[in-house]
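**Q** Turn this into a structure:
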Amino acid sequence: MKKAGLYIHIPFCRSKCPYCDFYSVRYDKDSATKYTDRLCEEIKKYHGKFDTIYFGGGTPSIIDSHLIGKIIENCYHQFDIDNHAEITIECNPSKNLEQDFKEYHSFGINRISLGMQSAKDEERFALGRRAGQTEVAKAVYDAKNAGINNISLDVMLGTPKQTLESLDETFAFIEKMDVSHISAYMLKIEENTKFFEIKNRLALPDDDTVAQMYLKTIDCLKSIGFNQYEISNFSKPGFESRHNLKYWELKDYLGIGSSAHSLWNGKRFFYDKDFKIHYDGEGKTEQEKIMLGLRLTKGIDKSWVHNDYTRFIRMGLMNETEKSISLTPQGMLVSNYIISELID
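**A** The predicted structure follows:
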């Protein structure tokens with residue numbers, strides 16, 4: 001049996017970021033303890049072999065580190081966890097994480113995903129983030145000093161007050177921090193967010209500028225040693241996110257916790273906020289193989305596609321080899337349209 005990925009959702013946040021539409025609730029210590037106990041009870045309902053564990057949220061680092069340790073201990077007790085598993089936790093640098101990182105390392109956590117968004121303080125503060133560049137740098141140094149060297153930084157593109165020129169400071173900071181992975185996402189204004197309520201008053205760069213920001217991100221990150229392997233993800237060689245690759249390659253993953261999704265034994269299902277499971281149909285369909293596979297720079301087997309894709313080759317939006325097709329950087333900017341045209 002191939003080893004799967006395990007996702008653990010921690011829904012707590014100090015406050016809601018104005019752009020975020022993920023499920024989260026305000027943190028309090030008692031609720032976090034009760035939630036952890038419920039997670040551990042759910043874990044006992046499953047069996048499996050895993051070589052990645054990913055703590056996402058919300059803000060997993062907001063809860064007491066001993067609760068993270070308790071969840072990991074229960075995972076090791078219930079599941080067959082690979083000796084070389086990639087174990088990731090998402091962290092917010094607004095908290096002093098120095099001691100947490102030491103404890104995470106002792107639990108076996110070996111990868112940190114740090115919510116940076118931008119190295120420019122005014123851009124971070126416009127996104128509702130409390131920490132500045134100084135706190136982000138401290139978190140990176142503290143993680144390394146604790147023995148966790150596989151560090152990913154999040155970057156957001158097309159945000160309030162951001163310019164093509166201001167991105168240079170973010171890229172310079174990334175190079176200085178000597179991290180191994182970058183996730184770079186274009187801001188999308190989602191319903192049920194604060195930004196949606198005030199979208200007409202937001203000073204956002206226009207669509208053409210955001211497209212230039214994305215292409216600049218690809219070029220600048222490549223120049224400092226990061227290879228793009230997915231539409232929004234870049235890594236130093238050998239530091240791709242093993243867990244997230246399971247999503248795009250339609251490998252099995254089990255998600256536990258409020259709003260956590262799974263592709264497990266060919267079925268898709270998810271937990272609602274009350275831990276009730278809802279089934280969501282069959283997984284690993286032909287359409288999913290195309291839709292998710294084209295997010296990867298390596299592309300897909302072109303025999304999977306039955307619709308004509310040659311016009312996208314001529315337009316410079318796709319590359320073609322003897323056996324595969326893939327999106328160019330320009331094609332990634334309109335990936336949703338291309339994919340909708342290619343799937344039946």
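
**Q** Helix, strand, or coil at the spatially closest residue to residue 233 that is not a sequence neighbour?
**A** With Cβ to Cβ, 6 or more residues apart in numbering as the criterion, residue 233 has its nearest non-adjacent residue at 5.3 Å, and that residue is residue 183. Glycine gets a C-beta too; all of them are placed from N, C-alpha and C. Per DSSP: H, G, I helix; E, B strand; the rest coil, the local secondary structure of residue 183 is strand.

**Q** Residue 183 against residue 156, yeah?
**A** No. Applying Cβ atoms under 8 Å, one finds residue 183 not in contact with residue 156, separated by 9.5 Å.

**Q** ok, the residue nearest to residue 233 to residue 114 distance?
**A** 10 Å (Cβ to Cβ, to the nearest Å).

**Q** can you give me the helices in the chain?
**A** Taking DSSP state H to define them, one finds helices in the chain at 29-43, 65-78, 98-107, 121-126, 133-145, 167-177, 194-197, 207-223, 242-248, 286-293, 310-314, 329-333, 335-342.

**Q** now the third one: mean pLDDT?
**A** Which is helix 98-107. Helix 98-107 shows an average pLDDT of 98 in the prediction.

**Q** related to what we said a few turns ago, reformat the helices of the chain into CSV and put mean neighbour count and distance to residue 276 next to each item.
**A** Compiled in CSV, the helices of the chain are given as follows (neighbours: other Cβ atoms under 10 Å; distance: least, Cβ to Cβ, whole Å):
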stretch, mean neighbour count, distance to residue 276
helix 29-43, 15, 11
helix 65-78, 17, 20
helix 98-107, 18, 29
helix 121-126, 18, 36
helix 133-145, 19, 35
helix 167-177, 18, 41
helix 194-197, 15, 27
helix 207-223, 16, 38
helix 242-248, 20, 23
helix 286-293, 16, 24
helix 310-314, 13, 42
helix 329-333, 19, 36
helix 335-342, 15, 31
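
**Q** Between those helices, which one is closest to residue 7.
**A** helix 242-248 (7.6 Å; Cβ to Cβ).

**Q** and that closest one, what other elements does it pack with?
**A** Contact partners of helix 242-248 among helices and strands, from 3 or more Cβ pairs under 8 Å, 6 or more residues apart in numbering; DSSP states H and E: strand 4-10, strand 49-57, strand 80-91, strand 253-256, helix 286-293.

**Q** most tightly surrounded among these?
**A** Comparing those by mean neighbour count (mean count of other Cβ atoms under 10 Å), strand 4-10 comes out on top with a mean of 25.

**Q** what about that strand, average pLDDT?
**A** Here the average pLDDT along strand 4-10 is 98.

**Q** partners of that strand in the sheet?
**A** strand 49-57 (parallel), strand 253-256 (parallel) (DSSP bridges).

**Q** gap between the two ends of stretch 154-168?
**A** Using Cα to Cα, to the nearest Å, the end-to-end distance of stretch 154-168 comes to 15 Å.

**Q** What residues of that stretch count as buried?
**A** Under the neighbour-count criterion of 16 or more other Cβ atoms under 10 Å, stretch 154-168 has 154, 155, 156, 157, 158, 159, 160, 161, 162, 166, 167 buried.

**Q** Identify the residues contacting the last one.
**A** The one in question is residue 167. 157, 213, 216, 217, 220 (Cβ atoms under 8 Å, 6 or more residues apart in numbering).

**Q** Over to residue 327?
**A** By Cβ under 8 Å, 6+ apart, residue 327 lies in contact with 231, 294, 297, 299, 317, 318, 319, 335, 338.

**Q** can you pick the most crowded of these?
**A** residue 294 (26 neighbours; other Cβ atoms under 10 Å).

**Q** Next one: that one from residue 318, what distance?
**A** From residue 294 to residue 318 the distance is 9 Å (Cβ to Cβ).

**Q** and what of residue 297?
**A** Taking Cβ to Cβ, one finds residue 297 at 12 Å from residue 318.

**Q** List the contacts of residue 319.
**A** 299, 313, 325, 326, 327, 328.

**Q** which residues does it bridge with?
**A** Applying DSSP bridges, one finds that residue 319 bridges with residue 326.

**Q** Per-residue pLDDT of it, please?
**A** 98.

**Q** Residue 21 too?
**A** Looking at residue 21, its pLDDT is 83.

**Q** What is the burial count for the residue nearest to it when sequence neighbours are not counted?
**A** Residue nearest to residue 21 in three dimensions, not counting chain neighbours: residue 190, with 3.9 Å by Cβ to Cβ, 6+ apart. Around residue 190 there are 12 other residues, counting by other Cβ under 10 Å.
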